[in-house]
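Novice: Pasting the sequence and the predicted coordinates here, then a few questions.
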Amino acid sequence: LGLASITTGADASMVVTSSTTLTTIRFTMPALPTGVSGAVYPSFYSQGRQALAAHAQFLCLDKTVPSLRFAFPPKALAQGQQVDVELGVERFGGVSDASQLALSYTGGGTVTSSVVGIVSSSAAMT
């Protein structure tokens with residue numbers, strides 16, 4: 001199979017295992033500056049062959065900003081019946097009453113909706 005394993009850098013921050021059919025790259029993502037979050041796009045290529053780069057998308061989260069953990073169901077028909085949706089939001093803090101929440105939409109035209117209830121909530125910003 002011709003497997004090769006290469007470690008680069010004095011701190012072994014990137015390890016590459018390669019064969020003719022697949023190259024696996026393990027690397028240490030550097031710490032991002034405070035306030036920087038969102039998608040970052042690391043690129044990997046053989047020295048001198050930048051035109052043949054492999055690009056990846058890696059999502060970096062800000063631990064102080066709430067983010068969606070799940071949506072169930074994840075999708076529904078655009079023109080159909082109303083759908084009850086359950087969202088899991090992490091790092092949101094505790095909410096004890098649905099009236100404490102506001103709901104708005106972007107995209108998809110003008111719709112109105114309301115929060116039906118809170119399944120569970122924790123004061124911890126986990």
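Specialist: Cool, got the structure.

Novice: wait, what's in contact with the residue nearest to A98 when sequence neighbours are not counted?
Specialist: By the measure of CB to CB, 6 or more residues apart in numbering, the closest residue to A98 outside its immediate chain neighbours is V115, 4.3 Å from it. The way it works is simple: take the backbone N, C-alpha and C, and place the C-beta from them, glycine included. Taking CB atoms under 8 Å, 6 or more residues apart in numbering as the definition of contact, the neighbours of V115 are A98, L101, L103.

Novice: Next, name the residue at the spatial heart of this structure.
Specialist: L59 (4.6 Å; CA atoms, centre = their mean).

Novice: Spell out which helix or strand contains that one, please.
Specialist: Using DSSP states H and E, L59 maps to strand 58-60.

Novice: picking that back up, G38 is in contact with the residue nearest to the centre of the chain, correct?
Specialist: Yes - using CB atoms under 8 Å, L59 makes contact with G38 at a distance of 7.2 Å.

Novice: Can you report how many residues lie near the closest residue to E86 other than its chain neighbours?
Specialist: Taking CB to CB, 6+ apart, and ignoring the residues beside it in sequence, E86 has F72 as its nearest neighbour in space, at 4.9 Å. Burial measure for F72: 9 neighbouring residues, criterion other CB atoms under 10 Å.
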